[in-house]
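Colleague: here you go, sequence then predicted model.
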Amino acid sequence: MILSEIVTNNVNWKFIWAPFDETTYLDVLDRIEPHDIILDIIAGNLRLDRRMAMTCCWIYALEIQDSILDLAYADEIGFPENLSVQY
């Protein structure tokens, strides 16, 4: 099976783009400045976006897989005011 076949299958999509480890998140977060405006393409479940929004000025998160965003919307944490989500 080639990657494009796997990616188009919603079930497998979630497993290919699994969350990064905490060390990777911390490395990214360490680079965020309060004046930054961030564009996150293929934002996934918004786990990192919510954390970046705690520091940056604004974040635009784009995700094309509704099923992944459904997971983010299902949790009751909510979204920071400076996080704009588009799909």
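Modeller: Arrived safely.
Colleague: and for T55, the neighbour number?
Modeller: The tally of other residues near T55 (other C-beta atoms under 10 Å) stands at 16. C-beta: built from backbone N, CA, C; applies to glycine.
Colleague: got phi/psi on it?
Modeller: phi -120, psi -40 (degrees, to the nearest 10).
Colleague: residues touching the residue lying closest to it once chain neighbours are set aside, list them.
Modeller: In this structure, T55 finds its nearest non-sequential neighbour in I32, 4.5 Å apart by C-beta to C-beta, 6 or more residues apart in numbering. Counting by C-beta atoms under 8 Å, 6 or more residues apart in numbering, I32 touches 38, 52, 55-56.
Colleague: inside strands: which ones of those?
Modeller: When strands are assigned by DSSP state E, the members of the contacts of I32 inside them are I38.
Colleague: export the contacts of I32 as a markdown table, with columns for pLDDT and distance to L26.
Modeller: Formatted as a markdown table, the contacts of I32 follow (pLDDT from 0 to 100; distance: C-beta to C-beta, whole Å):
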| residue | pLDDT | distance to L26 |
| --- | --- | --- |
| I38 | 97 | 16 |
| M52 | 96 | 12 |
| T55 | 97 | 12 |
| C56 | 97 | 15 |
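Colleague: follow-up on the earlier one: and the gap between the residue nearest to T55 and E76?
Modeller: Distance from I32 to E76, counting by C-beta to C-beta, to the nearest Å: 25 Å.
Colleague: so who does the closest residue to D36 other than its chain neighbours touch?
Modeller: Leaving aside its chain neighbours, D36 sits nearest to C56 (4.3 Å; criterion: C-beta to C-beta, 6+ apart). Each residue near C56 by C-beta under 8 Å, 6+ apart is listed here: 32-38, 82.
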